[in-house]
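J.: Okay, predicted coordinates and the sequence, questions at the end:
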Amino acid sequence: MPGSSRKLVAGVAGILAAGVLIGWIYGHADWGLLVAALAILFWQLRQLLAFNRALHMRDFEQFRYGEGVWQQMFARYKYEHERVLRAKRDYRRLLKEIRRSTDAMPDGAVILDENNQIVMCNKAAKHLGGLKRKKDRGQRVDNILRDPKLAQLLRSDSYAREIEIPSPVRDEAWLDCRVVPYGANQKLLFLRDITERIRLTRMRRDFVANASHELRSPLTVISGYLDSLSDDPGLEENWGQPVRQMQQQARRMSTVVNELLELSRLESAGRASKDETVDVGGLLAAAKKSFQGQDGVAAIEVDSLSKAQLLASGNEIESLISNLLSNAVRHTPAEGHIKLTWRVDADGGEIIVSDTGEGIPDDQIPRLTERFFRVNRGRAREDGGVGLGLAIVKHVLGRHDGELGITSELGKGSEFRCRFPIERLVLEPPVPIASGDKRG
Ligand code: ADP
């Protein structure tokens, strides 16, 4: 028992004993005990009320000195109070430090709660996204950074994705947005200035487009002269082979230039409109017709499992099918088999081009859609491949909210799946009016 408590017990016992003694002298020991107990109770009650008042007024003058139990209680209270104050001070200092370091970050960081409301943001978020630290606290971030792509990113759970949005504060500036899950149901939204990257990408795209455009006219002239030369009966015999080779190379250069121009166009165009309805089954049948029957071409089968139509650009879907089919034809031996499928399920539609050809090594599959990438450079050059076909396919799909899936096994064959979302489909195309049904 601490000294103060022992003193209190001894004091109480002493007062009670004195009360009993005085009462006994007057012939009423019980009365003496009662009066002494009441006196103790009254005194302790007074001390309690005084301590309570001191707590409210924060004035502990009367409890500051001495060794009683109330002084001990004050000392304990003071110690705990100072400990809490110290912890608070440390916490504030730490918070300030964290804020200072996040403010030094060049990227914007915004803490969001489960309703996408802003809890806190750093200085860069203010410069990049126009967020105001105090004023915007508690506001939904998608009400301030208004962009449908960002709203979709915040709704979805796919945190690996990054999106690019125009800056809400600076013209011509672009931001990269990324969401990372954080704490319990909280998210961190990162904003990065990618204006320079976008500017360089645009410069590269414009350069490629301009260079290709400038090359087109001289190439047409050169090809024209070479065609006339090869048709000229007076051409010396030893010139025949070189002219044919020049013709071949000029054709190859034209293919490269045209495909580069097509890629530049696809890159600079936004999402494809949904104004046109495309009969995919019809396009597959037409593509089969244009390849089938040529020398050394494998058997081509068309399997249109759905009558659904695609809301897409007809020319681009035609180019997508033609690129995939021409690849399948070039990489499948004559005795092989190529299948073109159009199928629809609950989530969307798929154009599948599969073959029983040479296949592609696993480690090369992720690189197939890179420009000028060819698995076997030497052979691809011989068979006329320039390495831009799958890049075009990828861009066409990107413009139509689609995705490309590739599976392949060396020596067994390959499968290219072009998947379109359900919003791009007309599941029940209107029945065409037969000529007899036409009314005046
Ligand atoms: P290319 O003009 O060379 O065909 P692509 O971009 O269309 O360029 O294709 C890139 C590379 O992918 C090709 O060079 C080829 O090696 C490989 N490839 C594409 N399709 C197939 C396929 N069906 N079977 C085997 N390899 C393929």
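T.: Nice, thanks for sending it over.
J.: Enumerate the residues of the chain near the ligand.
T.: Neighbours of the ligand within the chain, by CB under 6 Å from any ligand atom: 323, 327-328, 331, 355, 357-358, 360, 368, 373-376, 380, 385-391, 414. Using the backbone N, CA and C atoms, a C-beta is placed for each residue, glycine as well.
J.: Okay, and which of those map to strands?
T.: Of the residues of the chain next to the ligand, the ones assigned to strands by DSSP state E are 355, 414.
J.: Leaving out the residues flanking it, which one is nearest to residue 246?
T.: Excluding its sequence neighbours, the residue lying closest to residue 246 (CB to CB, 6 or more residues apart in numbering) is residue 226, at 5.4 Å.
J.: Next up, the contacts around that neighbour.
T.: When contacts are counted by CB atoms under 8 Å, 6 or more residues apart in numbering, residue 226 touches 243, 246, 247, 250.
J.: Look at the first one and say how many residues are nearby.
T.: The tally of other residues near residue 243 (other CB atoms under 10 Å) stands at 17.
J.: try the third one
T.: Neighbours of residue 247 under the rule other CB under 10 Å: 16.
J.: looking at it, it is touching residue 228, isn't it?
T.: No - Residue 247 is beyond contact range of residue 228, at 10.8 Å (criterion: CB atoms under 8 Å).
J.: So for residue 114, what's the nearest residue that isn't a sequence neighbour?
T.: The shortest distance from residue 114 to any residue other than its chain neighbours is 3.9 Å, reached at residue 185 (CB to CB, 6+ apart).
J.: Now that neighbour: phi and psi?
T.: Residue 185 adopts backbone torsions of phi 60, psi 10, taken as degrees, to the nearest 10.
J.: residues near the residue lying closest to residue 365 once chain neighbours are set aside, how many?
T.: Counting by CB to CB, 6+ apart, residue 365 lies nearest to residue 406, which is 5.4 Å off, once chain neighbours are set aside. Residue 406: 14 surrounding residues under other CB under 10 Å.
J.: Then residue 186?
T.: The number of residues packed near residue 186 is 13, by other CB under 10 Å.
J.: List the residues that contact it.
T.: By CB under 8 Å, 6+ apart, the contact list for residue 186 reads 111, 112, 113, 114, 119.
J.: tell me the two of those residues that are most distant?
T.: Of all pairs drawn from these, the widest gap by CB to CB lies between 111 and 114 and measures 11.6 Å.
J.: neighbour count winner among these two?
T.: Neighbours per residue, other CB under 10 Å: of residue 111 and residue 114, the larger number sits with residue 111, 18 against 9.
J.: and the more buried one, which of the three is it?
T.: Secondary structure, DSSP: H, G, I helix; E, B strand; the rest coil: residue 111 is strand.
J.: can I assume it is in contact with residue 188?
T.: Yes - Residue 111 is in contact with residue 188 according to CB under 8 Å; the separation is 6.1 Å.
J.: what touches both of those two?
T.: Residues touching both residue 111 and residue 188 by CB under 8 Å, 6+ apart: residue 182.
J.: Run through the helices of the stretch 1-150 of the chain in chain order.
T.: In the stretch 1-150 of the chain, the segments counted as helices under DSSP state H, counting those that start in this stretch are 3-25, 29-57, 61-64, 69-104, 123-129, 141-144, 148-155.
J.: And the first one, what does it pack against?
T.: Just to be clear, that refers to helix 3-25. Helices and strands touching helix 3-25, by 3 or more CB pairs under 8 Å, 6 or more residues apart in numbering; DSSP states H and E, are helix 29-57, helix 69-104.
J.: can you pull the contacts of the residue positioned nearest the centre of the chain?
T.: Nearest to the mean C-alpha position of the chain, by CA atoms, centre = their mean, lies residue 161 at 1.9 Å. Listed by CB under 8 Å, 6+ apart, the contact partners of residue 161 are 153, 178.
J.: For the helices and strands packed on helix 3-25, could you give me CSV that also reports mean neighbour count and mean pLDDT?
T.: Compiled in CSV, the helices and strands packed on helix 3-25 are given as follows (neighbours: other CB atoms under 10 Å; pLDDT from 0 to 100):
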stretch, mean neighbour count, mean pLDDT
helix 29-57, 13, 90
helix 69-104, 12, 89
